[in-house]
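> Structural data only, the sequence is not supplied:
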C-alpha cells in the first residue's frame with residue numbers, strides 16, 4: 001500500500017518556484033523528485049505505513065515535510081533539524097502548506113531541558129543545538145547531501161544522536177565522488193566524506209541497499225548521487 005501517497009504527490013507553488021517540472025498535471029522540483037525516489041527505495045523493504053516518526057537533518061526548504069504532511073497516512077511526525085537562517089525558510093514553507101497550527105517553531109522549545117517527540121505536532125522545525133534535548137523514538141532518519149558539506153567529527157556527533165534516538169532506518173544521499181576539498185582558492189571541506197565512511201560511523205546499522213540507478217542520479221559529466229539505505233541491527 002502507498003501509505004505516503006508517493007504517486008499522488010504534487011508540490012505546491014509557495015515561494016513562486018521557477019524550477020519545477022510538470023508531469024500529468026502534477027508539479028515537482030528536483031528536490032521533491034529526489035525524496036520521492038528515496039522513499040520509493042525504502043518502500044521496497046518495508047510497509048511505509050509503519051513509519052510514524054521521521055527525523056531529518058538539513059531539510060532545506062521543507063520538501064520532505066510537505067510530502068509527509070500531504071500523505072494519506074495521518075499523524076506522521078516530521079522533525080527537521082537545521083541551522084539558521086535555513087530553518088526560517090523551512091518553517092515558513094511548511095506553515096504555508098500545512099497550516100500554522102500543524103507546525104512548531106524552534107522558538108517553542110528554547111529554554112527547555114528536554115523535548116519529547118510524543119508531544120510534538122505533525123511538523124517541527126528546530127535548530128541544531130536543540131537536537132541533544134530531543135527524547136523519544138524515531139522510525140526513519142533522512143539526510144540528503146548536507147552531511148558531505150560537514151567535517152567528519154560533526155557528522156559523527158549528529159549520527160550519535162540518531163543512534164541514541166533508536167532510528168530503525170537511515171536513508172542517506174551523497175555524491176559517491178565526495179565533496180571537493182577546500183583549497184586557498186575554492187570552498188569545500190577539509191576531510192571529504194565518502195559513502196563507505198558511514199559504515200564505520202554507524203556500528204549499530206548495516207547497509208541494505210546502495211543505489212545510483214534508478215533511485216539516485218548520475219550527472220552527464222559522470223558524477224554519482226548515491227542513495228544508501230541502512231537498517232538497525234542492535
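That came through fine. In this text the structure is predicted, and so the values were computed from the model without any measurement.
> Which helix or strand in the chain has the lowest average pLDDT?
In the chain, no helix or strand scores lower on mean pLDDT, DSSP states H and E than strand 217-218, which sits at a mean of 86.
> can you list contacts of it?
Residues outside strand 217-218 that contact it (CB atoms under 8 Å, 6 or more residues apart in numbering): 34, 212, 224-225. Where C-beta positions appear, they are placed from N, C-alpha and C, glycine not excepted.
> Would you give the sheet partners of that strand, along with the direction of each?
If you go by DSSP bridges, strand 217-218 pairs up with strand 224-232 (antiparallel).
> that older thread, can you tell me which two in the contacts of strand 217-218 are farthest apart?
Pairwise distances among the contacts of strand 217-218 were taken by CB to CB; the largest, 13.6 Å, belongs to 34 and 224.
> Which one's more surrounded, the two?
Taking other CB atoms under 10 Å, residue 34 and residue 224 do not tie; residue 34 has more neighbours (21 against 16).
> Contact partners for the more buried one?
Residue 34 touches 144, 173, 217, 225, counting by CB under 8 Å, 6+ apart.
> and the last one, how far is that from residue 177?
Separation of residue 225 from residue 177 (CB to CB, to the nearest Å) stands at 10 Å.
> and the two? which has more neighbours close in?
residue 225 (19 against 16).
> How about that one: what's its closest non-neighbour residue?
residue 217 (4.1 Å; CB to CB, 6 or more residues apart in numbering).
> Please report how far that neighbour lies from residue 196.
For residue 217, the distance to residue 196 - CB to CB - is 19 Å.
> Which one of those two is surrounded by more residues?
Taking other CB under 10 Å, residue 217 and residue 196 do not tie; residue 217 has more neighbours (18 against 12).
> Distance of that one relative to residue 13?
Distance, residue 217 to residue 13, using CB to CB: 24 Å.
> rewinding a little: for the contacts of strand 217-218, give me a markdown table that also has pLDDT and distance to residue 107.
Shown next, in a markdown table, are those (pLDDT from 0 to 100; distance: CB to CB, whole Å):
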| residue | pLDDT | distance to residue 107 |
| --- | --- | --- |
| 34 | 94 | 29 |
| 212 | 92 | 40 |
| 224 | 83 | 39 |
| 225 | 84 | 34 |
